[in-house]
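Participant: Could you look at this predicted model? Sequence included:
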Amino acid sequence: MITNKYLRKVKFKRYYKYIYLVSLGFLGGIILMSYTYSKFNVSKDTEVVKTTVGDFIFGDVVIGAYINGEYSKTLPQKGDGYIVEKVICDNDTIGEWNYDEWALITKNITVRSKCNVYFINGYSKDFSYTGSVEEFMVPKDGVYKLEVWGAQGGNSLDNGVLSSNKYYAGYSKSNIKLNKNDKLYVTVGGRGEDGKLNNIAKGGFNGGGNGTWDHQDDEALAGGGGATSIQNSLLGDGQLKNYENNKSSVLIVAGGSAGNGMTVHSDYFSKYKFSYGGGFIGGVGGTTKSGNSNDYTIFNAATQDNGYTFGLGQSTDDITGNYNQEAPGAGGGWYGGLALTNTVAATLPYSYAGGGSGYIGNSLLTNKAMYCYNCEESADDNTRTISTTCTSETPTENCAKKGNGYARITLISIDW
C-alpha cells in the first residue's frame, strides 16, 4: 500500500537533484553578486601591506611608491612633509590620494590594477627677479618656510673703471602656517644700476636709492639694491613703500645693500663698518674726520623703526640736487638706508650710503632669523640677527646673495 508519506518521499527524491542545483545556483549567484559588487565598489584602501616584491597591496589594488622620482620600498609616513604630485593607474582605474586617511582612493576599478603614487618632499616655489610683484596661491594647508634674499647695489665707476661692490644684501627666513588658497605677494628686489657718467644710476626695484656722478672726474656712483619682501595683501604695485600705513600685511623682509662707494682718503674714516643690507640694523652709522678736525655725519643706520623712510633707500640726487656729491644710492628695506644726512660740499673724503634693514617681527612667524654680511647681531626673537661672511651667486640658505634678490616658499609639513 502506497501511503501519502511514501509518495512524498518519492516526489522529494525525484526533485532532489533540481532543488540541489537551484540551491547551488542561488549560492553561486550570491557569491558572484558579492564579487561583482566588490570589484565595482572598491573606494578606499585604508591599509597597505608590503609584499616581497616591494610593492604594496590591498584587495584589488597594488600600490607602487615613488619619492622624488625614485622608486621606494617603503611608503613615506603621514606628517613627514610629503605631498602627492600625481597618481597613475593602469586599466582605466582612477586613483586619488586621501591625506586624511593617508591612503589611496580608487574609482572605476573593474579588474586588479596597479597605481603608482608619486610623492615629493614638500612643495617649493622659487621667485627670481622680474621687476614686478608675483602672486603665490597656497596649494595645501600646512607650515611653509619663507626665505628672502635682498638685492645688491651696483658697481661704481672710478676713473672710467667699474669697481666691484663688496657690500652685500641680507637674508631672512621664517616658518608660517598657511591655509589652502591663501594668497601671498612676493616682491623680489632688483640690483642697483652701475654708476653712469652724466646720468643717474637708478636704484633697484623695491626701494633702492639712486646714485649720482661727479661732473669733474670720471667717477660715478651706483644705485642701491632693492629689498625682497613677502606680504599677505596686495597694495599698489607690491613694493614696500606702499605698506607704510599697513605694516601688519608685511610678513618678512631682507634688506638690500647700498651701491658701491669709494673712499678718497681712507684714513679719514674713524670707525664702523659701512654698508650691508638686512639684519635688525641695515648698514652702520659712521663719521668722517676731515683734515681740519671737523666731524661730519655720513649716514645713520636704518633700524626697525627709523631710516630714510619706510621701504625706501635714500637717493643722493634728492639731497641737494648737486651731483658733485658723488655718492651711491642707499639700499631698500623695512626701513631704507640713508646716504648723506647733511649738505656738505663734495670735497669731503667719502662716498658711502647705508643698506636697508630686514624684518621678521610679524607675530605670524616662527623659527625666524636674519643673516647679514659682517654685521651687528641680535638675540631677540623678533630681531634675531646672525653675522655671516658667506656669499653666493645663487640663493643659498643663511648666505648673502650677489646680484638681484630672490625668494623661496617651501611646504615643510602638512596639516591633516
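Facilitator: Now that the structure is in, tell me what you want to look at.
Participant: What number of residues are in the vicinity of residue 233?
Facilitator: 13 (other C-beta atoms under 10 Å). No exception for glycine: its C-beta is placed from N, CA and C like everyone else's.
Participant: distance of it from residue 248?
Facilitator: Residue 233 sits 9 Å away from residue 248, going by C-beta to C-beta, to the nearest Å.
Participant: swap in residue 120?
Facilitator: 33 Å.
Participant: And the two? Which one has more around it.
Facilitator: residue 120 (18 against 12).
Participant: Could you list every helix and strand that the helix or strand encompassing the more buried one packs against?
Facilitator: Using DSSP states H and E, residue 120 sits in strand 113-121. Strand 113-121 sits against strand 61-67, strand 82-89, strand 94-98, strand 103-107, with contacts defined as 3 or more C-beta pairs under 8 Å, 6 or more residues apart in numbering; DSSP states H and E.
Participant: out of those, which comes closest to residue 194?
Facilitator: strand 82-89 (42.2 Å; C-beta to C-beta).
Participant: buried set for the closest one?
Facilitator: 82, 83, 84, 87, 89 (16 or more other C-beta atoms under 10 Å).
Participant: how deep is the nearest residue to the third one once chain neighbours are set aside tucked in, by neighbour count?
Facilitator: What that stands for is residue 84. Closest residue to residue 84 apart from its sequence neighbours, by C-beta to C-beta, 6 or more residues apart in numbering: residue 97 at 4.1 Å. By the measure other C-beta under 10 Å, the count of residues near residue 97 is 18.
Participant: what do you get for residue 62?
Facilitator: 19.
Participant: Might one say that it is in contact with residue 114?
Facilitator: Yes. Counting by C-beta atoms under 8 Å, residue 114 is a contact partner of residue 62 at 4.3 Å.
Participant: Next one: residue 332 from residue 153, what distance?
Facilitator: Separation of residue 332 from residue 153 (C-beta to C-beta): 10 Å.
Participant: Which residue ranges of this protein form helices?
Facilitator: Applying DSSP state H to the chain gives helices spanning 4-40.
Participant: who has more neighbours, residue 332 and residue 153?
Facilitator: Under the criterion of other C-beta under 10 Å, the comparison of residue 332 against residue 153 puts residue 332 first, with 50 against 42.
Participant: circling back: next one: the strand holding residue 120 to chain centre, how far?
Facilitator: Distance of strand 113-121 from the chain centroid (C-alpha atoms, centre = their mean, to the nearest Å) equals 26 Å.
Participant: where's residue 75 relative to residue 67, distance?
Facilitator: In terms of C-beta to C-beta, residue 75 sits 9 Å off from residue 67.
Participant: Likewise for residue 226?
Facilitator: Distance of residue 226 to residue 67, computed by C-beta to C-beta: 38 Å.
Participant: Repeat that for residue 224.
Facilitator: Distance from residue 224 to residue 67, by C-beta to C-beta: 44 Å.
Participant: And stretch 379-389, what's buried?
Facilitator: 383, 384, 385, 388.
Participant: nearest to residue 311, of those?
Facilitator: residue 383 (17.8 Å).
Participant: ok, now which ones touch that closest one?
Facilitator: By C-beta atoms under 8 Å, 6 or more residues apart in numbering, the contact set of residue 383 is 280, 304, 360, 361, 370.
Participant: Look at it and report its pLDDT.
Facilitator: Per-residue pLDDT puts residue 383 at 97.
Participant: Residue 200 now?
Facilitator: The model's pLDDT for residue 200 equals 90.
Participant: Skipping its backbone neighbours, what lies nearest it in space?
Facilitator: Spatially, and ignoring its direct neighbours in sequence, residue 200 is nearest to residue 210 (5.0 Å; C-beta to C-beta, 6+ apart).
Participant: That neighbour against residue 329, yeah?
Facilitator: Yes. Applying C-beta under 8 Å, one finds residue 210 in contact with residue 329, separated by 4.7 Å.
Participant: Low-confidence stretches in the protein?
Facilitator: 1-59, 215-217, 262-275, 284-300, 318-326, 340-351, 415-416 (pLDDT under 70).
Participant: Pretty sure residue 232 sits against residue 185.
Facilitator: Yes. Assessed by C-beta under 8 Å, residue 232 is found in contact with residue 185 at 7.3 Å.
Participant: which one of these two has more residues nearby?
Facilitator: Between residue 232 and residue 185, counting by other C-beta under 10 Å, residue 185 is the more crowded of the two (19 against 16).
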